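[1] Can you look at this prediction? I've put the sequence above it.
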Amino acid sequence: MFSFLVSFVASALLTLLVIKHAKLHGPALDSNFGGVQKVHQHAVARIGGLPIFLAVTLTACISVLREPSLGYWLAALLACSSIAFGGGIVEDYTGTVRPSRRLVLTMAAAVLGYLVLDAKIARLDMPFVSWHLDSLWLVLPLTVLAVAGIANAVNIIDGFNGLASVVTIFMLLSLAYVGWQVGDMFVLVSALTVAGATAGFLIWNYPAGLIFLGDGGAYFIGFMLGELALLLVMRNPQVSTWYAALLLIYPAFETIFSVYRRMFVRGKSPTMPDGIHLHSLIFRRIAQWTVGRKEARALMKRNARTSPYLWLFSLTAVIPATVFWRNTEVLIFFCLLFIISYVWLYARIVRFKSPRWLIWHKKD
């Protein structure tokens with residue numbers, strides 16, 4: 001827990017520093033209130049990824065002093081992640097980096113991870129058998145697609161205060177637990193470090209939204225999640241590959257479903273933002289009923305009340321993944337169950353038939 005605590009304190013202090021000097025980051029203030037995915041009513045610094053990245057780097061240096069054998073692995077992981085982080089943080093400051101370019105940078109980071117960390121999809125576990133993948137022309141594209149996809153997926157679910165932060169903290173703590181179970185010190189320390197930094201940011205982000213994660217933070221945390229999940233599974237054959245699939249299924253399936261919806265249902269580019277993600281629908285059609293519609297104070301309450309629905313929903317995947325991390329058959333079952341539940345819930349909300357248990361009744 002040392003890494004978690006150091007990272008948490010460092011991130012909390014650095015994030016506060018950024019908030020206090022937000023005017024110095026004028027270009028990085030999010031003051032676009034009319035965007036399709038915008039639900040805030042005041043200018044907010046969107047560079048929360050910067051203190052998170054600095055806190056992780058600082059804690060990694062301290063961890064290396066305590067355990068020198070981790071030096072190469074932590075340095076290599078940070079070097080790879082800095083490419084994905086760089087594209088996001090430049091976008092946060094300038095607003096000029098197109099999604100396609102950020103995706104390419106994240107893919108380049110995944111290629112570097114393949115080369116220096118040997119982070120690759122080398123096997124696929126199935127009931128009673130494991131398929132080993134040896135062809136570079138298959139392994140490399142799958143690896144790049146998976147890691148870059150998760151980084152982009154975390155950015156997609158970063159729509160409300162605390163949503164992406166808490167969901168990724170759940171996942172990182174799960175990775176740390178399984179890493180501890182199999183004796184993988186590198187994954188354990190790395191996951192706790194990133195979780196601590198994210199938690200330090202979270203105390204200023206939720207519920208009031210004093211600072212936003214931004215593209216830099218989302219891409220950085222998402223990349224770290226993808227790499228650590230991949231490394232944990234491939235370095236430790238006793239961990240089923242379906243553990244990683246179930247652990248990350250919420251942001252991953254949200255992305256896949258969004259691409260399908262935009263391309264095949266609406267006939268638009270998959271990179272075109274819209275306001276009909278699952279979290280957006282919960283904000284507009286469920287949280288709205290419990291709080292109100294227009295005034296700024298009600299808007300902030302709706303923002304804060306939206307995320308807990310998705311926190312709980314994500315736990316329906318994270319908890320079974322953590323409990324059954326070595327049982328392929330059970331993990332596959334829960335993957336299918338999650339997909340069915342997601343599609344059912346989305347369809348119910350779209351049709352204005354939200355389950356009664358989702359609605360928090362307003363108390364005067």
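    Okay, I see it. Only a predicted model underlies this, so the values are computations on that prediction, with no experimental measurement involved. Numbering: from 1, shown residues only.
[2] Going by neighbour count, which residues in stretch 144-156 are buried?
    Neighbour-count burial for stretch 144-156, counted by 16 or more other CB atoms under 10 Å, picks out 144, 146-156. Heads up, the C-betas are built off the backbone N, CA and C, glycines and all.
[3] oh sorry, the question was meant for stretch 124-143
    Quick answer for stretch 124-143 (16+ other CB under 10 Å): 124-125, 139-140, 143.
[4] Surely residue 125 is in a strand?
    Yes: Residue 125 forms part of a strand when assessed by DSSP: H, G, I helix; E, B strand; the rest coil.
[5] What's opposite it in the beta bridge?
    residue 130 (DSSP bridges).
[6] what separates it from residue 244, distance-wise?
    To residue 244, residue 125 is 10 Å away according to CB to CB, to the nearest Å.
[7] Kindly report the same for residue 256.
    15 Å.
[8] Please apply the same query to residue 142.
    13 Å.
[9] any idea which residue sits dead centre in the protein?
    By CA atoms, centre = their mean, the chain has its centre lying nearest to residue 154, at 3.4 Å.
[10] Just the element for the closest residue in space to it that isn't next to it in sequence, please.
    Leaving aside its chain neighbours, residue 154 sits nearest to residue 222 (3.2 Å; criterion: CB to CB, 6 or more residues apart in numbering). In the assignment (DSSP states H and E), residue 222 maps to helix 214-235.
[11] try residue 325
    Residue 325 belongs to no helix or strand, assigned by DSSP H and E.
[12] my guess is it meets residue 175, correct?
    No: shown here, residue 325 and residue 175 do not form a contact pair, counting by CB atoms under 8 Å, at 9.9 Å.
[13] These two: who's more crowded?
    residue 175 (31 against 26; other CB atoms under 10 Å).
[14] if I look at the more buried one, how far off is residue 282?
    26 Å.
[15] hey, where'd the helices end up in the stretch 201-350 of the chain?
    Chain-ordered helices for the stretch 201-350 of the chain, with DSSP state H, counting those that start in this stretch as the definition, fall at 214-235, 241-247, 249-260, 278-282, 288-291, 296-323, 328-350.
[16] Return the distance of the longest one from the chain's centre.
    Just to be clear, that refers to helix 296-323. Its chain's C-alpha centre lies 13 Å from the corresponding centre of helix 296-323 when counted by CA atoms, centre = their mean, to the nearest Å.
[17] and it, which residues are buried?
    299-311, 313-318, 320-322.
[18] again with stretch 80-100
    Residues of stretch 80-100 classed as buried: 80-93, 97, 99 (neighbour count, 16+ other CB under 10 Å).
[19] Check the residues you listed and tell me the two furthest apart.
    Farthest-apart pair in these is 80 and 93; separation 21.5 Å (CB to CB).
[20] Just give the number of residues close to the residue nearest to residue 154.
    30.
[21] If I look at it, what pLDDT would I see?
    Each residue has a pLDDT score; the one for residue 222 is 97.
[22] Looks like it contacts residue 158 (just checking).
    No: between residue 222 and residue 158 there is no contact under CB under 8 Å: 9.0 Å.
[23] one step back: the residue nearest to the centre of the chain and residue 224 touch, don't they?
    No: contact criterion CB under 8 Å: residue 154 and residue 224 do not qualify, at 9.5 Å.
[24] For residue 172, which non-adjacent residue is closest in space?
    Leaving out its chain neighbours, the residue that sits closest to residue 172 by CB to CB, 6+ apart is residue 195, at 3.8 Å.
[25] what about that neighbour, helix or strand, and which?
    If you go by DSSP H and E, residue 195 is part of helix 185-205.
[26] now swap in residue 81 and tell me
    helix 71-94.
[27] what angle do that helix and helix 214-235 make?
    150 degrees (axes from the mean of the first three to the mean of the last three CA atoms, to 10 degrees).
[28] returning to that earlier point: what is the orientation angle of the helix or strand containing the residue nearest to the centre of the chain with helix 214-235?
    Using DSSP H and E, residue 154 sits within helix 136-157. Helix 136-157 runs at 140 degrees relative to helix 214-235, counting by the same axes, to 10 degrees.
[29] and stretch 231-249, C-alpha only, in PDB?
    C-alpha atoms of stretch 231-249 as PDB (Å, rounded to 0.1, in the frame of the first residue of the first chain):
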ATOM      1  CA  LEU A 231       1.200  -8.100 -19.000                       C
ATOM      2  CA  LEU A 232      -0.500  -9.800 -16.100                       C
ATOM      3  CA  VAL A 233      -2.200 -12.300 -18.200                       C
ATOM      4  CA  MET A 234       0.700 -13.100 -20.500                       C
ATOM      5  CA  ARG A 235       3.400 -13.200 -17.800                       C
ATOM      6  CA  ASN A 236       1.200 -15.500 -15.600                       C
ATOM      7  CA  PRO A 237      -0.400 -18.400 -17.500                       C
ATOM      8  CA  GLN A 238      -2.500 -19.300 -14.500                       C
ATOM      9  CA  VAL A 239      -4.500 -16.100 -15.100                       C
ATOM     10  CA  SER A 240      -7.100 -16.700 -17.800                       C
ATOM     11  CA  THR A 241      -7.100 -14.300 -20.800                       C
ATOM     12  CA  TRP A 242     -10.900 -13.900 -20.200                       C
ATOM     13  CA  TYR A 243     -10.000 -12.300 -16.900                       C
ATOM     14  CA  ALA A 244      -8.700  -9.200 -18.800                       C
ATOM     15  CA  ALA A 245     -11.700  -9.400 -21.200                       C
ATOM     16  CA  LEU A 246     -14.300  -9.400 -18.400                       C
ATOM     17  CA  LEU A 247     -12.300  -6.800 -16.300                       C
ATOM     18  CA  LEU A 248     -12.300  -4.300 -19.100                       C
ATOM     19  CA  ILE A 249     -15.600  -5.200 -20.800                       C
END
